[in-house]
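Visitor: Sequence and predicted structure, then a few things I'm wondering about:
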Amino acid sequence: MLDIKLVRENPELVKENIKKKFQDQKLPLVDEVIELDQKYRASKARGDELRSQRNKISKEIGMFMGKKMFAEAEEAKKKVADIAAELTALEESENTLQEEIKNRMMVIPNIIDPSVPIGKDDSENVEVQRYGEPKVPDYEIPYHADIIDSLNGMDKEAAGRTSGQGFYYLLGDIARLHEAMLAYGRDYMIDKGFTYAIPPFMIHANVVTGVMSFPEMEAMMYKIEGEDLYLIGTSEHSMIGKFKDQIMKKEDLPVAMTSYSPCFRKEGGSHGLEERGLYRVHQFEKQEMIVLCEPEESMEWYEKMWRYSVEIFTNMNIPVRQLDCCSGDLADLKVKSCDIEAWSPRQQKYFEVCSCSNLGDAQARRLGIRVKGEKGNYYLHTLNNTVVASPRGLIALLENNYNADGSITVPEVLRPYMGGKEKLVPKK
């Protein structure tokens, strides 16, 4: 959510930003906010004037009563009553205006960073750099579900009976490899100075609307029937929500945390679910990183965070590339974002495994997270990035470490979490 002062003083900047995001239908919101804000401020000014009058008249009533000027006192009391009635009406009007302003401000997109490429959708995202050599071996790499099946590592049929499409059982060495990736990601981030956390897996609606835009919420979140609770789609939601309505001390910044959680997503719409595979599913597990920092430090943190993802995946023998998200592909709260995509030797193309985002002060404004400064309180900046998410990361690992004999080479960094195993050998 933008600062109302920015909309008031730089409406053309806000409109131009909306155009860059190809959301022209939102342009009228800017003028509507300005008009409503003028009415709200006029109402506040009238209220202040009336309160001043009421204080003055109240003092006169005491004076009239002291001088036994009862008629004058009664007349003054009537004026106070009229003022009180008008103030009540003004307060009701102000509350309505505030709500109308907030409803519009919540859907006006954040100001994007000047470095963000302009484009309508993810097809216009821009490749920045590649890390590791994207190889295609001279032997066939099976579909990941078939690789897992050869290791007796998955049961989607049973999951269909218990839970329906979009769920799965991971078994044996595959389940262990899945957890090894998460554990390695956790320990990597702890070594970088991040505090490890396991957050709540359900959050209130006012936290959901604080961390994400309405379209994202509708597309992603599962609501618990009859409760003010949503299942998290990523631990970023509850981790940023941890600081809701808090005033932070400057000396306590930056806050850098890495969190584990299961994640739950509808995955509806055109993407759909995979009947056999694990690429798009309703439930997965993820290690996440979040940072709360001074505004002037957020872009420096952004650069560090996506580079952590690159190192984690290349350490698992997975070539990746960094892709700058274009303006039309950015969620409304984001200032800048990039995807880290892993190489698929089977498909001979890259696919997303991490997403790193700088949200500026948008989440902090929505959640009321501020810093106590020498010249008053101000909003900090928030960032988030995937450390590793499985099973999507697992797919990349299996394909890039698949051997001609059907075995899987366990990356060296994961072997301590696999009991020292160097290879997984097919059972079928």
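Guide: Thanks, I have the structure now. Remember, predicted model here, so these are calculated numbers, not experimental data.

Visitor: For whichever strand or helix holds D173, which helices and strands make contact with it?
Guide: Using DSSP states H and E, D173 falls within helix 172-191. Packing partners of helix 172-191 (3 or more CB pairs under 8 Å, 6 or more residues apart in numbering; DSSP states H and E): strand 195-197, strand 255-264, strand 283-293, helix 298-314, strand 381-390, helix 392-400, strand 423-424. Heads up, the C-betas are built off the backbone N, CA and C, glycines and all.

Visitor: How about that helix, which residues are buried there?
Guide: In terms of neighbour count (16 or more other CB atoms under 10 Å), helix 172-191 has its buried residues at 173-174, 176-189.

Visitor: Could you pick out the longest helix of the chain?
Guide: Looking across the chain with DSSP state H, the single longest helix is helix 27-66.

Visitor: Toward the C-terminus, what is the element adjacent to that one?
Guide: In N-to-C order, the element after helix 27-66 by DSSP H and E is helix 70-105.

Visitor: quick one: that next one to helix 27-66, angle?
Guide: Here helix 70-105 points in a direction 160 degrees away from that of helix 27-66 (axes from the mean of the first three to the mean of the last three CA atoms, to 10 degrees).

Visitor: mean confidence score for helix 70-105?
Guide: Helix 70-105 carries an average pLDDT of 92.

Visitor: Would you mind checking which helix or strand in the chain has the lowest mean pLDDT?
Guide: helix 214-220 (a mean of 78; mean pLDDT, DSSP states H and E).

Visitor: got a list of contacts for that one?
Guide: Identification of contacts with helix 214-220 by CB atoms under 8 Å, 6 or more residues apart in numbering yields 106-107, 208-209, 212, 233, 265-266, 268-269, 331-332.

Visitor: Serialize those residues to TSV and add fields for secondary structure, neighbour count and distance to L323.
Guide: Formatted as TSV, the contacts of helix 214-220 follow (DSSP: H, G, I helix; E, B strand; the rest coil; neighbours: other CB atoms under 10 Å; distance: CB to CB, whole Å):
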residue	secondary structure	neighbour count	distance to L323
M106	coil	16	28
V107	coil	14	26
V208	helix	23	27
T209	helix	15	28
M212	coil	26	21
G233	coil	24	21
R265	coil	19	21
K266	coil	14	24
G268	coil	12	24
G269	coil	7	21
A331	coil	18	15
D332	coil	21	20
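
Visitor: between these, which is nearest G119?
Guide: Using CB to CB, A331 is the member of the contacts of helix 214-220 that lies nearest G119, at 14.5 Å.

Visitor: wait, that closest one sits on S213?
Guide: Yes: assessed by CB atoms under 8 Å, A331 is found in contact with S213 at 5.6 Å.

Visitor: follow-up on the earlier one: out of the buried residues of helix 172-191, which is nearest to V116?
Guide: For the buried residues of helix 172-191, the nearest to V116 is M189 (26.2 Å; CB to CB).

Visitor: per-residue confidence for that closest one?
Guide: If you check M189, the pLDDT there is 98.

Visitor: Is it in contact with E288, as I believe?
Guide: No: judged on CB under 8 Å, M189 makes no contact with E288 at a distance of 9.1 Å.

Visitor: Overlap in contacts, these two.
Guide: Joint contacts of M189 and E288 (CB under 8 Å, 6+ apart) are 258, 387.

Visitor: Quick check: I240 is in a helix.
Guide: Yes: under DSSP: H, G, I helix; E, B strand; the rest coil, I240 sits within a helix.

Visitor: which residues touch it?
Guide: 210-211, 290, 292, 363, 367, 369, 382, 384.

Visitor: try P200
Guide: Counting by CB under 8 Å, 6+ apart, P200 has contacts 232, 238.

Visitor: And for stretch 351-360, what's in contact with it?
Guide: 110-111, 113, 279, 295, 298-299, 301-302, 305-306, 309, 313, 320, 331, 333-342, 344, 381-389, 392-393, 396.

Visitor: Any idea what I408 is bridged to?
Guide: Taking DSSP bridges, one obtains Y402, L424 as the residues bridged to I408.

Visitor: How about stretch 69-87, which residues are buried there?
Guide: 73, 76, 80, 83.

Visitor: pretty sure E127 is in a strand, no?
Guide: Yes: under three-state DSSP, E127 falls within a strand.

Visitor: Next, count neighbours for it.
Guide: Counted with other CB atoms under 10 Å, residues neighbouring E127 total 12.

Visitor: Could you do I198 as well?
Guide: 10.

Visitor: Over to S261?
Guide: S261 has 23 nearby residues by other CB under 10 Å.

Visitor: Contact partners for the nearest residue to P11 once chain neighbours are set aside?
Guide: The shortest distance from P11 to any non-neighbouring residue, by CB to CB, 6 or more residues apart in numbering, is to V30 (5.2 Å). V30 is in contact with 7, 11, 14-15, 18, 108, counting by CB under 8 Å, 6+ apart.

Visitor: one more time with 10 Å
Guide: Residues in contact with V30 (CB atoms under 10 Å, 6 or more residues apart in numbering) are 2, 7-8, 10-15, 17-18, 104-105, 108.

Visitor: just M299 next, same as before
Guide: Counting by CB under 10 Å, 6+ apart, M299 has contacts 113, 115, 335-336, 358, 360, 381, 383.

Visitor: which of those residues tops the neighbour count?
Guide: Greatest neighbour count in the contacts of M299, by other CB under 10 Å, goes to L383: 31 neighbours.

Visitor: bridging residues for the nearest residue to it once chain neighbours are set aside?
Guide: Leaving aside its chain neighbours, L383 sits nearest to V291 (4.5 Å; criterion: CB to CB, 6+ apart). Per DSSP bridges, the residues bridged to V291 are A256, L383.

Visitor: quick one: V291 and E297 touch, right?
Guide: Yes: when contacts are counted by CB atoms under 10 Å, V291 is listed as touching E297 (8.8 Å).
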